[in-house]
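Visitor: kindly generate the corresponding structure for this input.
(chains A and B)
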Amino acid sequence: MSDNTIIRVENLHKWFGLLHVLKGVSFSVTPKEVLVIIGRSGSGKSTLLRCLNFLEEPSSGTIDIAGQSLTITAGTRYDHDQAISMRLNTGMVFQDFNLFPHMTALDNVIEGLVTVKKIPKDKAIPIGMNYLIKVGLEEKCNEHPIRLSGGQKQRVAIARALAMEPKVMLFDEPTSALDPELIGEVLDVMKQLAYEGTTMIIVTHEMGFACDVADRILFVDRGIIAESGTPDQIFSHAQDERTRLFLEPIRKVQQI
Amino acid sequence: MAVETTKFPGQPESDPDLDMGQALLAQERRERLIQTVKIGVVWVGLIIFLTIALLQFNFDPAYVFKHFGFVLQGLPITIGVSLASIAFATILALLGAVARLSNNSIAQGISGFYVSIIRGTPLLIQIYIIYNGLPQIGTALIAKGLPQIGHLFILTAIQSGILALSLNYGAYMTEIFRAGIQSISGGQREAAESIGMNRVQILRRITLPQAVRVIIPDIANQFIAMQKDSALVSFMGIWEMTYRANRFARQDSKFMEMFVVAAILYWLLTIVSSWLEGILEKRMRHAYER
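Guide: Numbers count the residues shown, from 1 in each chain, chains lettered A, B, ... in the order given. Below you'll find the model as predicted:
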């Protein structure tokens, strides 16, 4: 493993029953890199992301994150405690936000700090407020999620993930559940993070955003990485027929 | 970053046709009130009808008034037994549900066995076994020279009643708690996992607080059912309402009078309980209201 990678995935397989969703995926991410994963629905891109923080248990393969390495061999039990400790290296933002509805925005953000990191609540509150300020929602700190718009909920969810100071941020279609007019505010927060040098892996259908923010794009098709490259290589000079077929209709609509 | 707090369209102060909306709202309220009054009249009518009907058939109201107080004195015991039992049952149910949802095969086995055996047998039999059956074991243990353990098996009537009701309702409520915890979406659990929380933390901080809100009406239902099932402990000679009613009913052959009194008291008790539960439910809804 070279010193300049923060995530390395090697030969990752995932089976759901007899459905082979990931068929030996390998890639790596360098610090401060923004990697965008695109592909059709059902291609395995979300599963790939969810394997990185073990929300899905990988069936086999090796995952290195920030110096910790876990190799999983099909049919044998692996070290779940290590998987859970590796989870703290990543922060996850979900399509459906998944804010805790019984807590205020601020309590959502500091929940991990207080419960997992055991930081006293009075020390966690200023940290949490800082992250709410970062996503522009300090004045909503005492609101419960039901009183927030979709975009605001997703920004709180981003603040909640950031508060744990993960080495890598994972975004699983963060704008797919949003009304069109609310997408911009979430993408703006993400662009800001990219600008600040946050390492990010983003699964998205927002091709314009991908083009803007990505250092590198992976095109996933039927459980394998069909093509990878810079936005220019993928969007303008795709080598692979499948990539071109996928992007052609999108390009017409989104005028990239 | 700009924060946008969009105003919802059609906010009252900006609308010149506000009167129309208010008139419609008032109309709606009026109709709802009339409906409630009508239903109330039907209730009163039914009560009057039943009272008159009873009085036609050899029913002695004077006897009712004379012994009403005596039955009422059993109310604190009924409430006490129910409260103690619902408290223990809740603890049992919580443990049972956590065990049923755990990966531990021993915990799963024990809780599954407990729920199955309790739900599969009548409450009355369980009371008999605890009150009449266990002392048999207790006596045998004392005879074998283990008096300390033996005495644990010989329970007073009140203890037996509370134990039986707790065990019985604990089993049913285990299923309520389990379903409540499972009803919380997988996304909540995943979000908690993604910030590094372990199973116990997720249960305590995320799923259980949300589940409790969902199951409050079910627990209240169980509590109301228990207040009535507590009548079953009367045969052990606990001086609760049913026992007191039964005493005079048999002595003077005034069955209708005494049991109607007891029935009315149970009914009033459950009405008050439902009302309290409504208040509790409203208070817990706070976080979910816009």
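Visitor: please report how far the residue nearest to the spatial centre of chain B lies from B:Leu92.
Guide: In chain B, the C-alpha nearest the mean C-alpha coordinate belongs to B:Phe223, at 1.3 Å (Cα atoms, centre = their mean). According to Cβ to Cβ, to the nearest Å, B:Phe223 stands 14 Å off from B:Leu92. (Each C-beta comes from the backbone N, C-alpha and C, glycine too.)
Visitor: isn't the residue nearest to the centre of chain B up against B:Ser273?
Guide: Yes: when contacts are counted by Cβ atoms under 8 Å, B:Phe223 is listed as touching B:Ser273 (6.3 Å).
Visitor: what about the top helix by length along chain B, distance to the chain center?
Guide: Assignment by DSSP state H gives helix B:18-56 as the longest helix of chain B. On the basis of Cα atoms, centre = their mean, to the nearest Å, helix B:18-56 is displaced by 28 Å from the centre of the chain it belongs to.
Visitor: if I read this right, B:Pro209 contacts A:Asp107, doesn't it?
Guide: No: counting by Cβ under 8 Å, B:Pro209 sits too far from A:Asp107 to count as a contact (11.4 Å).
Visitor: and the residue lying closest to A:Lys32 once chain neighbours are set aside, how many residues sit next to it?
Guide: The shortest distance from A:Lys32 to any non-neighbouring residue, by Cβ to Cβ, 6 or more residues apart in numbering or on different chains, is to A:Gly197 (4.4 Å). A:Gly197 is flanked by 11 other residues according to other Cβ atoms under 10 Å in any protein chain shown.
Visitor: which of the three states applies to A:Gly197?
Guide: Using DSSP: H, G, I helix; E, B strand; the rest coil, the structure places A:Gly197 in coil.
Visitor: and residue 149, how many neighbours?
Guide: Going with chain A. 17.
Visitor: try again with chain B
Guide: 12.
Visitor: let me see the contact set for it.
Guide: B:Leu141 (Cβ atoms under 8 Å, 6 or more residues apart in numbering or on different chains).
Visitor: check which helix or strand it maps to.
Guide: Using DSSP states H and E, B:Ile149 sits in helix B:147-152.
Visitor: how about that helix: buried residues?
Guide: B:Gly150 (16 or more other Cβ atoms under 10 Å in any protein chain shown).
Visitor: where exactly do the strands run in the chain?
Guide: With no chain named, the answer covers chain A. A:7-16, A:19-29, A:34-39, A:60-65, A:68-72, A:90-93, A:168-172, A:199-203, A:216-221, A:224-229 (DSSP state E).
Visitor: can I get these in JSON lines including mean neighbour count?
Guide: Listed next are the strands of chain A as JSON lines, based on neighbours: other Cβ atoms under 10 Å in any protein chain shown:
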{"stretch": "strand A:7-16", "mean neighbour count": "18"}
{"stretch": "strand A:19-29", "mean neighbour count": "18"}
{"stretch": "strand A:34-39", "mean neighbour count": "24"}
{"stretch": "strand A:60-65", "mean neighbour count": "20"}
{"stretch": "strand A:68-72", "mean neighbour count": "16"}
{"stretch": "strand A:90-93", "mean neighbour count": "26"}
{"stretch": "strand A:168-172", "mean neighbour count": "23"}
{"stretch": "strand A:199-203", "mean neighbour count": "23"}
{"stretch": "strand A:216-221", "mean neighbour count": "22"}
{"stretch": "strand A:224-229", "mean neighbour count": "18"}
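Visitor: and the ones you listed as TSV, adding mean pLDDT and distance to chain B?
Guide: Compiled in TSV, the strands of chain A are given as follows (pLDDT from 0 to 100; distance: least, Cβ to the nearest Cβ, whole Å):
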stretch	mean pLDDT	distance to chain B
strand A:7-16	94	15
strand A:19-29	93	17
strand A:34-39	94	18
strand A:60-65	93	13
strand A:68-72	90	14
strand A:90-93	95	4
strand A:168-172	96	8
strand A:199-203	96	14
strand A:216-221	94	21
strand A:224-229	92	24
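Visitor: kindly reformat those strands as TSV containing distance to A:Lys45.
Guide: TSV is the format used below for the strands of chain A (distance: least, Cβ to Cβ, whole Å):
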stretch	distance to A:Lys45
strand A:7-16	12
strand A:19-29	10
strand A:34-39	5
strand A:60-65	16
strand A:68-72	20
strand A:90-93	14
strand A:168-172	9
strand A:199-203	5
strand A:216-221	5
strand A:224-229	10
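Visitor: out of the ones you listed, which comes closest to A:Met129?
Guide: strand A:90-93 (18.0 Å; Cβ to Cβ).
Visitor: what is the closest one packed up against?
Guide: helix A:150-163, strand A:168-172, helix B:186-194 (3 or more Cβ pairs under 8 Å, 6 or more residues apart in numbering or on different chains; DSSP states H and E).
Visitor: could you spell out the sheet neighbours of it, each with its direction?
Guide: The strands beside strand A:90-93 in its sheet (DSSP bridges) come out as strand A:168-172 (parallel).
Visitor: between the partner strand and strand A:34-39, how many degrees?
Guide: Angle, strand A:168-172 to strand A:34-39, by axes from the mean of the first three to the mean of the last three Cα atoms, to 10 degrees: 30 degrees.
Visitor: pull strand A:168-172 out as PDB, backbone CA atoms only.
Guide: What follows is strand A:168-172, C-alpha atoms only, in PDB (Å, rounded to 0.1, in the frame of the first residue of the first chain):
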ATOM      1  CA  VAL A 168     -13.300  10.200   4.300                       C
ATOM      2  CA  MET A 169     -16.900  11.400   3.600                       C
ATOM      3  CA  LEU A 170     -19.200   9.000   1.800                       C
ATOM      4  CA  PHE A 171     -22.300  10.400   0.100                       C
ATOM      5  CA  ASP A 172     -25.000   8.000  -1.100                       C
END
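Visitor: residue of the stretch 151-256 of chain A closest to chain B, please.
Guide: Using Cβ to the nearest Cβ, the closest approach of the stretch 151-256 of chain A to chain B is made by A:Met164 at 5.5 Å.
Visitor: give me the neighbour count for A:Glu181.
Guide: Neighbours of A:Glu181 (other Cβ under 10 Å): 12.
Visitor: any low-confidence regions in the chain?
Guide: Reading this off chain A. A:1-3, A:254-256 (pLDDT under 70).
Visitor: my question was about chain B
Guide: In chain B (pLDDT under 70), the answer is B:1-13, B:286-287, B:289-290.
Visitor: what segments of it are helices?
Guide: B:18-56, B:61-72, B:75-101, B:105-119, B:123-128, B:134-143, B:147-152, B:157-183, B:186-194, B:199-201, B:208-229, B:241-252, B:255-284.
Visitor: nearest residue to A:Pro101 in space, please, no chain neighbours.
Guide: A:Pro145 (5.2 Å).
Visitor: please disregard the earlier target; I meant B:Gln188.
Guide: B:Ile206 (5.6 Å).
Visitor: that neighbour and A:Pro180: what is the separation?
Guide: Applying Cβ to Cβ to B:Ile206 and A:Pro180 gives a distance of 31 Å.
Visitor: picking that back up, could the helices of chain B go into CSV alongside distance to A:Val203?
Guide: Converted to CSV, the helices of chain B look like this (distance: least, Cβ to Cβ, whole Å):
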stretch, distance to A:Val203
helix B:18-56, 45
helix B:61-72, 67
helix B:75-101, 30
helix B:105-119, 36
helix B:123-128, 54
helix B:134-143, 61
helix B:147-152, 60
helix B:157-183, 28
helix B:186-194, 15
helix B:199-201, 27
helix B:208-229, 27
helix B:241-252, 64
helix B:255-284, 36
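Visitor: residues in the stretch 151-290 of chain B within reach of chain A, list them.
Guide: Contacts of the stretch 151-290 of chain B with chain A, taken as Cβ under 8 Å from any Cβ of the partner chain, map to B:185, B:187-188, B:190-198, B:201, B:205-206, B:209-210, B:213, B:287-290.
Visitor: rerun that using 7 Å as the cut-off
Guide: B:187-188, B:190-191, B:193-197, B:201, B:205-206, B:209-210, B:287-288, B:290 (Cβ under 7 Å from any Cβ of the partner chain).
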